[in-house]
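J.: After the sequence you'll find the predicted model.
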Amino acid sequence: MMIQGIRTIFVRTIFVGFHCWQGAPLEVKFLRNEHRHRFFVEVEFGVSTVDRDIEYFVALSWVDRAIENLYAESGFRMGGKSCESICDELAAELVYEMKLNSLKSVAVFEDGENGSKLYIGE
């Protein structure tokens, strides 16, 4: 017997990038300078069967390509972009540029610790 519910898959990847936060409070003023992070990304796609509508390796290639499209030209220097804005940009790249209508969420974490998650169509 198959349980009814909302079925999704997710893929994870990591990229190294540089950003800063010009408006950082005094307690963390070092964040105003450009600094390096390992950005951990998790992207979730909706599927309709247990046989997986989207293969993991294919989905991962979509996400890696979207990241390359957005940030490779700048050397992964993203200026003042936050995890929240990276989520927005990745979602837009996946939905509008790559025409993926099964996107459910995009999460971006700095160094695998703190981050942001954007739920699509919720």
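T.: Received the coordinates, thanks.
J.: for this structure, which spans come out with low pLDDT?
T.: Scanning the chain for pLDDT under 70 picks out 122.
J.: Show the residue spans covered by the helices in it.
T.: 56-71, 83-92 (DSSP state H).
J.: what packs against the longest one?
T.: This means helix 56-71. Packed against helix 56-71 by the contact rule (3 or more CB pairs under 8 Å, 6 or more residues apart in numbering; DSSP states H and E) you find strand 8-19, strand 35-46, helix 83-92. Placement of C-beta: from N, CA and C, glycine included.
J.: Now do the first one: everything it contacts.
T.: The contact list for strand 8-19 (CB atoms under 8 Å, 6 or more residues apart in numbering) reads 34-47, 52, 54, 56, 59-60, 63-64, 67, 71, 75-82, 104.
J.: How far off centre is stretch 59-67?
T.: Centroid displacement of stretch 59-67 relative to its chain, using CA atoms, centre = their mean, to the nearest Å, is 10 Å.
J.: again with stretch 44-55
T.: Centroid displacement of stretch 44-55 relative to its chain, using CA atoms, centre = their mean, is 19 Å.
J.: buried set for it?
T.: 44-47, 54 (16 or more other CB atoms under 10 Å).
J.: Among the residues you listed, which one lies nearest to Asn114?
T.: Of all these, Asn114 sits closest to Glu44, with 19.0 Å by CB to CB.
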